[in-house]
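Enquirer: my questions concern the predicted model and sequence given below.
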Amino acid sequence: MPTYTALTHLPGREAAEDLALACEDLTPEPVGTGIFEIEDGSERWEVGAYFTEAPDEIALAILAAAYGAQPFAVSELPEVDWVAHVKRELTPVRAGRFFVHGSHDVDQVPEGVEALWIEAAMAFGTGHHNTTKGCLEALDRLATDGFKATRIADIGCGTAVLAMAAARLWHVTVLASDIDPVAVDTAAANVIANGLDGRVECMEAAGFDHPMLERAAPYDLVVANILKQPLIDLATDMARHVAKDGRIVMSGILTTQADDVTAAYQAVGFAPDRRDDMGDWTTLVMIRT
């Protein structure tokens, strides 16, 4: 079945949300719509609509003009077996002592590593993105340097790869939360597949907004691989939940955004410990003073 995409961009989140909603009334109807902030400081938002039939390009042009958006760029995507494609493309990843792999590479696990099995179909959080890899390496360095943690949380856990890595390093129960219920289900399945049932507890929550997360505070270590603005929004709450001398590991941050995130956390009582840039992405480690 062919898939068609229609993409545009315009200033302002509210306008983008309104345009995405208007796209749902098109004929043929899109199978999905979404909005994404363009992370270049322009405050512009991308709007995407996805179709299984060729969209009405005249109707799209009228919508774009009505909402002050750029003309939609319509493309037909080739039919691809995405799971097979991901299995071919996602080779195992080494990050510090960790070796992240799918079931198709289980026979490639070398001796002496901490193996983490993440299925290829669950592509976000497999360790291939530099934000995840940077966090894994940061956790590895903390453990190598002798940092001790007994209370750990992974906020915005995705596949739970970082929560599972922390549980392997410090042999404690890690709390892992995500705002997306599908991500929580994925995380829980990965925890079982990696033999960490009971060592990583997965829950649906925005930030620390869950009774289990509140009761377990203050934390010695919090990992948050999300995005710049959610990290900045979380700063005050992070300060409230992290113990003195505790560490936070943060990514999902473009190198151009790292100074803003650092400043937001310094303002609430954190001090920079380490910054690592990998391609266009930055991983920050900060200490609660």
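Expert: Sure thing, it's come through.

Enquirer: how near is the closest residue to Asp180 other than its chain neighbours to Tyr67?
Expert: Leaving aside its sequence neighbours, Asp180 sits nearest to Glu204 (CB to CB, 6 or more residues apart in numbering; 7.8 Å). Placement of C-beta: from N, CA and C, glycine included. Distance of Glu204 to Tyr67, given as CB to CB, to the nearest Å: 33 Å.

Enquirer: those two: who's more crowded?
Expert: The neighbour count for Glu204 versus Tyr67, taken as other CB atoms under 10 Å, is higher for Tyr67 (18 against 15).

Enquirer: test my guess that that one contacts Ala15.
Expert: Yes: using CB atoms under 8 Å, Tyr67 makes contact with Ala15 at a distance of 5.9 Å.

Enquirer: give the next helix or strand downstream of whichever strand in the chain runs longest.
Expert: Counting by DSSP state E, the longest strand found in the chain is strand 242-254. Sequence order places helix 258-266 as the next helix or strand after strand 242-254, per DSSP states H and E.

Enquirer: can you list the residues that contact stretch 23-39?
Expert: 6, 9, 13, 16-17, 20-21, 44-56, 59-60, 63, 227-229, 254, 257 (CB atoms under 8 Å, 6 or more residues apart in numbering).

Enquirer: tell me the contacts of the residue nearest the centre of the chain?
Expert: Centroid check for the chain by CA atoms, centre = their mean gives Ile226 as the closest residue, at 4.6 Å. Contacts for Ile226 (CB under 8 Å, 6+ apart) come out as 155-156, 234, 250, 252.

Enquirer: point out where the stretch 1-150 of the chain drops to low pLDDT.
Expert: 1, 39, 78-91, 103-107, 119-129 (pLDDT under 70).

Enquirer: so which residues of it form strands?
Expert: Counting by DSSP state E, counting those that start in this stretch, the stretch 1-150 of the chain has strands at residues 3-11, 32-37, 44-51, 73-77, 93-95, 98-101, 114-117.

Enquirer: pick the most buried one from those.
Expert: Highest mean neighbour count of these: strand 98-101, a mean of 24 (counted as mean count of other CB atoms under 10 Å).

Enquirer: quick one: strands adjacent to that one?
Expert: Applying DSSP bridges, strand 98-101 is found paired with strand 93-95 (antiparallel), strand 114-117 (parallel).

Enquirer: and it, C-alpha only, in CSV?
Expert: The C-alpha coordinates for strand 98-101 follow below in CSV (Å, rounded to 0.1, in the frame of the first residue of the first chain):
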residue,chain,number,x,y,z
PHE,A,98,27.1,-1.6,26.9
PHE,A,99,26.3,-3.5,23.8
VAL,A,100,22.8,-2.7,22.5
HIS,A,101,21.4,-5.2,20.0
